Structure formats: structure tokens, C-alpha cells
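Enquirer: With the sequence up front, the predicted model follows.
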Amino acid sequence: MKEPKPDPAIRTICKNRRARYRYRIEETVEAGLVLVGPEVKSLRAGKANLVDSYARIQGGEIFLMKAHIAPYEQANRENPDPTRERKLLLHHREIHRLHGKVRERGYTLIPLEMYFRDGRAKVELGLARGKRTHDKREAIAKRDSERRLQLIRKRRSRER
């Protein structure tokens, strides 16, 4: 199965690979990211980390919590706190819809990927529900069996 070609207008900064292992992603939403100057330069250098970060809805606005954007070395005193709360930009309707779903038991908003789209910093948020241990084991077993099948197919094609 071929993967679709990546959009040339999108440049990935970082991905939260553990999120898809720890959570079952129900749906995804793209949100803009409010940053200050040195943070943008640091992101362009690819110095960001989404591990253990999440999004929280407060007072009709949505914020990205615990996302680490390393301080930009050339900006001396202008650098903000690397793990500060960052406001996310979404339409009012989307925030209310997500707020309704997050209030349901077990749902949370997890950042999956941070990237630049047409020069603007974006975050892909996933509406997620936590996986239990047996779900994780199931996913690992499925992935291993797929790998074995690929290996068998590859060997058979070589024999011909």
C-alpha cells in the first residue's frame, strides 16, 4: 500500500509518536499556534517536543500545555519559558464541539504533530481516549503479525 505524497507546503517540526500507542485517536483537528518571535525561530530549527503535552479548554479558549519549545540561542532575554501555556486558534464552534466531547468520560485532547503550513505554525490535535494494557498488547501483536506476513511475501517473491 503506497503512502500519499506529502504536501510541499507542509514542513513537519515534530511528531508525538507515543500518542498513537497510548491513545485511541477518534478524530483530528488542525489548530493555529500563538507564538512569540524567538519561539518561531526555534521551531524553524526543529527544536520542539510534544511528549507528555496535552490541550486544555479554559474559558472558551484552548491552550497547549507542557509542549517544550527550546529557547532560541541568539535571543538572550527575550526567550519565554520553554513549557509555557500556548494559546491555540480554533473557530468558536469547533472549541464548543470539542469541549462537549472532552466533558464525556475518558476523552482528552492530545497534540499529534506540529508543523508549518504555508509559513504558519500549526498543531494537529487528536480527540483521544486512553488505551488499556490489553489494547496495547493487541496492537503490538497485530503489528508483529503484519511484519511477519510482509517478510513471508518478500521471501516468496524472491523465490520466483
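Expert: All right, it came through fine. Numbering: from 1, shown residues only.

Enquirer: Under the pLDDT cut-off, which ranges of the chain? List them.
Expert: Residues of the chain that meet the criterion pLDDT under 70 lie in 1-6.

Enquirer: how about the strands of it, start to end?
Expert: 10-15, 23-33, 48-49, 54-58, 61-65, 68-69, 86-89, 107-117, 120-130 (DSSP state E).

Enquirer: Pick the most deeply packed of those.
Expert: strand 68-69 (a mean of 22; mean count of other C-beta atoms under 10 Å). The way it works is simple: take the backbone N, C-alpha and C, and place the C-beta from them, glycine included.

Enquirer: ok, and what's touching that one?
Expert: When contacts are defined by C-beta atoms under 8 Å, 6 or more residues apart in numbering, strand 68-69 is touched by residues Leu35, Glu39, Ser42, Leu43, Lys47, Ala48, Asn49, Leu50, Val51, Ser53, Pro82, Thr83.

Enquirer: now those residues: which count as buried?
Expert: Among the contacts of strand 68-69, those classed as buried by 16 or more other C-beta atoms under 10 Å are Leu35, Glu39, Ser42, Leu43, Lys47, Ala48, Asn49, Leu50, Ser53.

Enquirer: Mind listing the residues bridging to the nearest residue to the second one once chain neighbours are set aside?
Expert: Spelled out, it's Glu39. Leaving aside its sequence neighbours, Glu39 sits nearest to Ile69 (C-beta to C-beta, 6 or more residues apart in numbering; 5.1 Å). Note on Ile69: beta-bridge partners Ala48, judged by DSSP bridges.
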